[in-house]
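Participant: no sequence for this one, just the structure:
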């Protein structure tokens, strides 16, 4: 049987409470019992001292016989709810409570009747119970006293000594005269412990009930939303991404619910992305293949005369190069994503590759009447990176900017620096992008045909490759854009100590008006 999270919380919470209160009651009862036993032991010891000073002294001086002593013991035994024994120096039982005959207890020990439940006849000599019994020590024990009693008793052994005058030389000395043994029942302690248990049990029970009531309230705020999230996640796993969590709290669970709904929204677009990917790659491969097939077929069947074949063979070659570029781009991107690029790190001046790369776009800029400006605010433009791949990044970003910038507009490349980084910005005055497009531009084969339909020559791989190269250098690249106001791509590079040769000037790298 599968237990829910709430069941496990309840069970765990109950176990913790029971164990905690169990330990608490155990320690309270343990130390309380010790304290009560110690207190009773002190009381019995004081009473034993009093009895010894009064009764035993009278008995030793001959003013009291054994029967009277037993009667005296019985009085105190009833008061203390105890049994009192007097043992002489030889260990013989002289007198005990509960015996009223004039015959000595030593002779009639087996007939004595104690005040508390006893299971055996009284011993005539204490050493019959324990040969190592020490009558000359103050001590106490808790138990059935060698099986003499049916339950636990507190036994206190108090040595008895008499003062005896030995003459002017020795003076008064204390003569050992046996011991007074008092066995006191623990029934009063047991009753008190029962009261403590009952008093402790009720508050513990009330606390557990209150705790479970609060746990129920908390579960409605925590466990139930989690169960709701689990149910929604199960629906997501079945492909139903339209289910909403219905949780709108501002706590961690609310944040998790929002993240799950956002994840479902993105997952719901996967199928759209897949169809779009297949459509794009099919179109990009089919178009050049159709052209190649058409021209080759036309040359074979004579539709294109031999004197014009060189021109159309050039077109076929261009389409073949386009296919090769597309295939190589796919292979490069796969290799970048799976294995990461092989970087050949060198030190070079970043401005140099900017100039070199811009030379390749001069004709395009002239044809579209686009100017490119470089504004360098960095004193140090020497970086440590893979020169070829960083040049590819610059090429892709500039190519993208030129592609979507209308005629007569400008492109601005700006370089700033921090203590450790170059911050490179490529900004155009093009058509811009909405937020949804900004999220998709790093996806392979993505082209926003609604706004970029004029340019069908692109493969849709440039920005995806750019991001992987920057990522491989452990750098960052971001885009900000607004529809109708252009786009700006910003990436970083790590500097090294040497300084570049160009700084602080705004240069017009490509100006169509000069041509």
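Facilitator: Happy to help now that I have it. Model, not experiment: these values are computed from the prediction.
Participant: Would you check how far apart the most centrally placed residue in the chain and residue 325 are?
Facilitator: What sits nearest the mean C-alpha location of the chain, by C-alpha atoms, centre = their mean, is residue 252, with 14.1 Å. Distance, residue 252 to residue 325, using C-beta to C-beta, to the nearest Å: 48 Å. Heads up, the C-betas are built off the backbone N, CA and C, glycines and all.
Participant: same check, this time on residue 257
Facilitator: Per C-beta to C-beta, residue 257 is found 45 Å from residue 325.
Participant: And the helices in the stretch 251-400 of the chain, which stretches?
Facilitator: Ranges of helices within the stretch 251-400 of the chain are 252-268, 270-300, 309-338, 350-359, 362-368, 387-403, based on DSSP state H, counting those that start in this stretch.
Participant: Tell me which of these sits nearest to residue 51.
Facilitator: Ranking the helices of the stretch 251-400 of the chain by proximity to residue 51 (C-beta to C-beta) places helix 252-268 first, at 73.0 Å.
Participant: which parts of the closest one are buried?
Facilitator: By 16 or more other C-beta atoms under 10 Å, the buried positions in helix 252-268 come out as 253, 256-257, 260-261, 264.
Participant: What about residue 380, how many residues nearby?
Facilitator: Other residues within reach of residue 380, judged by other C-beta atoms under 10 Å, total 16.
Participant: Check residue 325 too.
Facilitator: When neighbours are defined as other C-beta under 10 Å, residue 325 has 13 of them.
Participant: cool, residue 64 as well?
Facilitator: 19.
Participant: and it, what is it in contact with?
Facilitator: By C-beta atoms under 8 Å, 6 or more residues apart in numbering, the contact set of residue 64 is 55, 58, 72.
Participant: go again using 10 Å as the cut-off
Facilitator: 54-58, 70-72, 95 (C-beta atoms under 10 Å, 6 or more residues apart in numbering).
Participant: Need those in TSV (columns: pLDDT and neighbour count).
Facilitator: Below are these laid out as TSV (pLDDT from 0 to 100; neighbours: other C-beta atoms under 10 Å):
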residue	pLDDT	neighbour count
54	79	13
55	82	24
56	79	26
57	78	16
58	80	15
70	82	26
71	83	17
72	83	21
95	85	29
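Participant: Show me those that map onto strands.
Facilitator: Of the contacts of residue 64, the ones assigned to strands by DSSP state E are residue 95.
Participant: how about a markdown table for the helices of the stretch 251-400 of the chain, with distance to residue 29 and mean pLDDT added?
Facilitator: Formatted as a markdown table, those follow (distance: least, C-beta to C-beta, whole Å; pLDDT from 0 to 100):
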| stretch | distance to residue 29 | mean pLDDT |
| --- | --- | --- |
| helix 252-268 | 42 | 82 |
| helix 270-300 | 65 | 73 |
| helix 309-338 | 68 | 73 |
| helix 350-359 | 80 | 87 |
| helix 362-368 | 92 | 83 |
| helix 387-403 | 77 | 88 |
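Participant: Which of those helices sits closest to residue 141?
Facilitator: Nearest to residue 141, of these and by C-beta to C-beta, is helix 252-268 at 60.4 Å.
Participant: So which elements touch the helix ranked longest in the chain?
Facilitator: When the chain is parsed with DSSP state H, its longest helix is helix 5-51. When contacts are defined as 3 or more C-beta pairs under 10 Å, 6 or more residues apart in numbering; DSSP states H and E, helix 5-51 packs onto helix 66-80, strand 82-87, strand 139-143, strand 153-165, strand 172-185, helix 187-221, helix 223-237.
Participant: at 6 Å instead, please
Facilitator: strand 153-165, strand 172-185, helix 187-221 (3 or more C-beta pairs under 6 Å, 6 or more residues apart in numbering; DSSP states H and E).
Participant: Output these in CSV; the columns should cover mean pLDDT and mean neighbour count.
Facilitator: Below are those laid out as CSV (pLDDT from 0 to 100; neighbours: other C-beta under 10 Å):
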stretch, mean pLDDT, mean neighbour count
strand 153-165, 82, 19
strand 172-185, 82, 20
helix 187-221, 78, 12
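Participant: Using TSV, lay out those together with distance to residue 475.
Facilitator: As requested, these are exported to TSV (distance: least, C-beta to C-beta, whole Å):
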stretch	distance to residue 475
strand 153-165	83
strand 172-185	87
helix 187-221	44
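Participant: Among those, single out whichever gets nearest to residue 15.
Facilitator: Closest among those, once you apply C-beta to C-beta, is helix 187-221, at 11.4 Å.
Participant: so how far is the closest one off the chain centroid?
Facilitator: The chain centre lies 31 Å from the centre of helix 187-221; the measure is C-alpha atoms, centre = their mean, to the nearest Å.
Participant: could you measure residue 80 against residue 195, distance?
Facilitator: 21 Å.
Participant: Next: residue 187.
Facilitator: 13 Å.
Participant: what does residue 121 give?
Facilitator: Separation of residue 121 from residue 195 (C-beta to C-beta): 35 Å.
Participant: ditto for residue 185
Facilitator: 17 Å.
Participant: do the same with residue 83
Facilitator: In terms of C-beta to C-beta, residue 83 sits 25 Å off from residue 195.
Participant: same deal with residue 173?
Facilitator: 49 Å.
Participant: Quick check on residue 380: phi, psi?
Facilitator: Dihedral pair for residue 380: phi -120, psi 110, per degrees, to the nearest 10.
Participant: quick one: it and residue 494 touch, right?
Facilitator: No. Counting by C-beta atoms under 6 Å, residue 380 stays clear of residue 494, with 11.2 Å between them.
Participant: List the buried residues for stretch 21-40?
Facilitator: By neighbour count on 16+ other C-beta under 10 Å, the buried set for stretch 21-40 is 21, 33, 36-37, 40.
Participant: burial count for residue 365?
Facilitator: The number of residues near residue 365, taken as other C-beta under 10 Å, comes to 22.
Participant: again with residue 419
Facilitator: Burial of residue 419, expressed as a neighbour count using other C-beta under 10 Å, amounts to 5.
Participant: Pretty sure it sits in a helix.
Facilitator: No. Counting by DSSP: H, G, I helix; E, B strand; the rest coil, residue 419 is not part of a helix but coil.
Participant: What confidence value was assigned to it?
Facilitator: Note on residue 419: pLDDT of 88.
Participant: If you drop the residues flanking it in sequence, what lies closest to residue 291?
Facilitator: Excluding the flanking residues, the one nearest residue 291 by C-beta to C-beta, 6 or more residues apart in numbering is residue 319, at 4.9 Å.
Participant: what's the distance between the one you found and residue 289?
Facilitator: Note on residue 319: its distance to residue 289, by C-beta to C-beta, is 8 Å.
Participant: Between those two, which has more neighbouring residues?
Facilitator: Legend: neighbour count by other C-beta under 10 Å for residue 319 and residue 289, higher for residue 319 (18 against 13).
Participant: contacting residues around the more buried one?
Facilitator: Neighbour list for residue 319: 288, 291-292 [criterion: C-beta atoms under 6 Å, 6 or more residues apart in numbering].
Participant: Could you look up the SS state of residue 64?
Facilitator: coil.
Participant: Ramachandran coordinates for it?
Facilitator: Per-residue torsions, residue 64: phi -150, psi 130 (degrees, to the nearest 10).
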